[in-house]
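Undergrad: coords below, sequence missing:
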């Protein structure tokens, strides 16, 4: 029986609602929906497996990191947790490094060794500031939507004379 990547429980293919987004990946429908909704939510409180899967998915699918070394990745994941980095903090730091700072994933050499105290602290401050700004913006009652329309450009169309087309056929 397949196992859900997030909750690690068995999936009975006959009775359980499940999602199979790609080969050898199975999720309970609820786990997958929860993961899609909360993988980038800095206020989400989820298990270590949730953040581990989110990070692996981010590196494989979104960054398309071709040379991800799973043994190295897992070793670094465990070492970072021993250094008191939280699973969510590791994930958000990696997202900050690649999504916000636009660093090259090739320099990672197949791992997540780019996470250190300085990057972790910088990412924490960034995500906290972003969250505070979002909360302040949502608190406003008079938010206005501004729509900017591009000026319409009329394109000149060629006008053909049917007599010209007849002449083209005779020239061949």
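TA: Happy to help now that I have it. Small disclaimer: the values here were computed from a predicted structure and weren't measured.

Undergrad: can you map out the helices along this structure?
TA: 29-38, 48-57, 70-82, 87-95, 117-139, 162-171 (DSSP state H).

Undergrad: skipping its backbone neighbours, what lies nearest residue 122 in space?
TA: residue 96 (7.2 Å; CB to CB, 6 or more residues apart in numbering). For the C-beta atoms, the positions are set from N, CA and C on the backbone; glycine is no exception.

Undergrad: check residue 67 too.
TA: Looking at residue 67 with CB to CB, 6+ apart, the closest residue is residue 110, at 4.6 Å.

Undergrad: I figured that neighbour was touching residue 73, is that so?
TA: Yes - contact criterion CB atoms under 8 Å: residue 110 and residue 73 qualify, at 7.2 Å.

Undergrad: which secondary element of the chain has the worst mean pLDDT?
TA: helix 162-171 (a mean of 62; mean pLDDT, DSSP states H and E).

Undergrad: correct me if wrong: residue 49 contacts residue 7.
TA: Yes - applying CB under 8 Å, one finds residue 49 in contact with residue 7, separated by 7.4 Å.

Undergrad: picking up where we left off before, columns mean neighbour count and distance to residue 3 on top of the helices of the chain, output as JSON lines?
TA: Putting these into JSON lines (neighbours: other CB atoms under 10 Å; distance: least, CB to CB, whole Å) gives the following:
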{"stretch": "helix 29-38", "mean neighbour count": "16", "distance to residue 3": "11"}
{"stretch": "helix 48-57", "mean neighbour count": "19", "distance to residue 3": "11"}
{"stretch": "helix 70-82", "mean neighbour count": "14", "distance to residue 3": "17"}
{"stretch": "helix 87-95", "mean neighbour count": "22", "distance to residue 3": "19"}
{"stretch": "helix 117-139", "mean neighbour count": "13", "distance to residue 3": "31"}
{"stretch": "helix 162-171", "mean neighbour count": "8", "distance to residue 3": "67"}
